[in-house]
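A.B. asks: Everything below, folded, please.
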Amino acid sequence: MQESSISSNVPQLKWVENLTRLLDDAFVIPGTKIRFGLDPLLGLVPVVGDILTWIISLVMVIEMSRHNIPSRLVGQMLFNILIDFLAGLVPVIGDILDVSIKCNRKNWELFRNYHIKNSIKTTPK
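C.D. replies: Residues are numbered from 1 along each chain as shown. Here you go, the predicted model:
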């Protein structure tokens with residue numbers, strides 16, 4: 001799988017990949033294919049949980065932005081975490097949306113696909 005080739009070639013991205021999995025895909029609801037991570041669970045703590053996951057997501061975007069991606073892509077990633085943050089602020093509905101939005105997974109896939117498509121090195125700037 002290409003996903004691991006990026007993080008295995010660039011050790012400083014392994015934590016981003018692992019944290020993405022932990023925040024968005026770590027658990028499965030038994031009897032379904034629905035996956036979720038710590039993001040929606042932390043979001044159950046009003047405001048504080050959403051701010052915490054927003055900060056973590058922002059740090060991940062900052063790290064990915066150091067690896068030769070265009071500012072347009074960084075903007076798209078920032079937009080993804082903004083939508084996730086704003087949705088998380090809505091009681092109950094926001095927590096349900098957190099399971100489906102998965103901004104960290106989207107951002108990792110944007111990063112990974114950009115590097116696969118452009119076959120460029122992921123060395124930091």
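
A.B. asks: got the end-to-end distance for stretch 25-35?
C.D. replies: Terminal residues of stretch 25-35 lie 5 Å apart, using Cα to Cα, to the nearest Å.

A.B. asks: What lies in contact with that stretch?
C.D. replies: Stretch 25-35 is contacted by residues Asp24, Phe36, Gly37, Leu38, Val99, Lys102, Arg105 when judged by Cβ atoms under 8 Å, 6 or more residues apart in numbering. All C-beta atoms are positioned from the backbone trio N, CA, C, and that covers glycine.

A.B. asks: Could you look up the SS state of the residue of the chain most remote from its centre?
C.D. replies: Here the chain reaches farthest from its C-alpha mean at Gly31, the gap being 25.0 Å by Cα atoms, centre = their mean. With DSSP: H, G, I helix; E, B strand; the rest coil as the basis, Gly31 sits in coil.

A.B. asks: how near is it to Ser100?
C.D. replies: Going from Gly31 to Ser100 by Cβ to Cβ, to the nearest Å gives 18 Å.

A.B. asks: swap in Gln12?
C.D. replies: For Gln12, the distance to Ser100 equals 29 Å [Cβ to Cβ].
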